[in-house]
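Asks: The following block contains a protein sequence and its predicted model.
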Amino acid sequence: MEKRRLGQTDMYVNMIGLGCMGLSHASGTPLPKEEALQVLKEAHRIGYDLYDTAECYTGVYPDGSISNNEEIVGEAIKDFRDDIVLCTKFGVMHKGDHLEFDSSPQKIRESIEGSLKRLQTDHIDIYYQHRIDPQVEPEVVAGVMKDLIQEGKIKAWGISEVNEDYLRRAHAICPVTVIQNRYSMMARWHEHLIDVCQELGITYIAFSPLANGALTGAYHSQADFKGDQQDFRRNMPQYSQTGMIKTNALLEVISQVAKKYHATNAQISLAWMLHKFPHLIPIPGSRKIDRLSSNFQAGNIQLLETDIQMIDHQLEQMEFEVFGGH
């Protein structure tokens, strides 16, 4: 599989990365620890070499104990730490039903030490600001990142859910290697940033590239998730009654292409963005090893330009109800 460069660094990874969040957070009751460890280890055997986590990815096991994603990732990767690019994030805290942001220099310093300990490593390959903190200027955050790089605690940094102005200001102080914003066939409002990334030599990491599972075709309504209060998808608009009508219209288009390539809907969705943007890397996640393997193989599918153009033409005529929509 083709390797893609992360920004202007010497780090190269396979075209499909691994989003680890769902093992512990937002996709229902956390997967039992031993099962999660097995998934992460098997992902390495499949070929995944970019692992993405965050300090705020936590969930509650049935016995009331906490599942910490960083701790699970750290334990899983011990035997192959040097084979992968390890990414984590700072700056977000879950407070009940809302998020709080803190990217103050003091908080960043506290966060990096906590993440290093939980991940059982002496450095983070890519350290993300998880969300913009309106109380802290980008130049301040970038200055701390520059110091952390010089200290050897991180190799490079990135910003998640960034806008163009913030990105340019931060990049001028300490070069940004990657950004991580939502992107999928159903969530295309950040496409202008893909062009900005190409201009600046930054890699675009696409989170939720399958629209929180909607593009797999495996789910049919919000009722699929209602039984688990820790599954954020239970209230996502793409799974509402009207949202599913629009989602299914797109799935019909994708399915036509998938049959041609003997591929899954998810594989076509991933291959589509990979072939449109050579400096983009999607990071789908799953708790199922067979789906991880299938997603990874999307990097080997060579779509014809005519198929990409057909999909794009259909997308231009569609509107979606999707989580995170603008």
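Replies: Received the coordinates, thanks. Residues are numbered from 1 along each chain as shown.
Asks: Count the neighbours of residue 220 for me.
Replies: Residue 220 has 11 neighbouring residues, counting by other C-beta atoms under 10 Å. Placement of C-beta: from N, CA and C, glycine included.
Asks: ugh, typo on my part, it should be residue 26
Replies: When neighbours are counted by other C-beta under 10 Å, residue 26 registers 15.
Asks: quick one, what contacts it?
Replies: Counting by C-beta atoms under 8 Å, 6 or more residues apart in numbering, residue 26 makes contact with 57, 59, 230-233.
Asks: Dump these to CSV, plus neighbour count.
Replies: Supplementary listing: the contacts of residue 26 in CSV, determined by neighbours: other C-beta atoms under 10 Å:
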residue, neighbour count
57, 27
59, 21
230, 16
231, 19
232, 16
233, 20
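Asks: Closest to residue 259 out of those residues?
Replies: Using C-beta to C-beta, residue 233 is the member of the contacts of residue 26 that sits closest to residue 259, with 26.7 Å.
Asks: Tell me who's in contact with that closest one.
Replies: So residue 233 contacts 26-27, 212-213, 219, 222, 224-225, 239 (C-beta under 8 Å, 6+ apart).
Asks: From the residues you listed, keep the buried residues only.
Replies: 27, 212-213, 219, 222, 225, 239 (16 or more other C-beta atoms under 10 Å).
Asks: Show me the residues you listed that map onto helices.
Replies: Among these, no member is found in helices (DSSP state H).
Asks: Switch the contacts of residue 233 over to a markdown table; also include distance to residue 204 and pLDDT.
Replies: Below are the contacts of residue 233 laid out as a markdown table (distance: C-beta to C-beta, whole Å; pLDDT from 0 to 100):
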| residue | distance to residue 204 | pLDDT |
| --- | --- | --- |
| 26 | 22 | 78 |
| 27 | 23 | 81 |
| 212 | 19 | 92 |
| 213 | 21 | 90 |
| 219 | 26 | 85 |
| 222 | 30 | 85 |
| 224 | 30 | 79 |
| 225 | 28 | 83 |
| 239 | 26 | 89 |
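Asks: ok, now which ones touch the most centrally placed residue in the chain?
Replies: What sits nearest the mean C-alpha location of the chain, by C-alpha atoms, centre = their mean, is residue 207, with 3.0 Å. The contact partners of residue 207, by C-beta under 8 Å, 6+ apart, come to 19, 52, 160, 180-183, 283.
Asks: What of residue 120?
Replies: Residue 120 neighbours (C-beta under 8 Å, 6+ apart): 74-75, 78.
Asks: Could you do residue 263 as well?
Replies: 257, 271, 298, 301 are the contacts of residue 263 under C-beta under 8 Å, 6+ apart.
Asks: that older thread, widest-spaced pair of the buried ones among the contacts of residue 233?
Replies: Farthest-apart pair in the buried ones among the contacts of residue 233 is 27 and 222; separation 14.3 Å (C-beta to C-beta).
Asks: the strands in the stretch 51-200 of the chain, which residues?
Replies: 58-60, 66-68, 85-90, 92-95, 98-101, 124-129, 154-160, 178-182 (DSSP state E, counting those that start in this stretch).
Asks: Worst mean pLDDT among those?
Replies: Looking over the strands of the stretch 51-200 of the chain, mean pLDDT reaches its minimum on strand 92-95, with a mean of 86.
Asks: same for it, what does it pack against?
Replies: Judged by 3 or more C-beta pairs under 8 Å, 6 or more residues apart in numbering; DSSP states H and E, strand 92-95 is in contact with strand 98-101.
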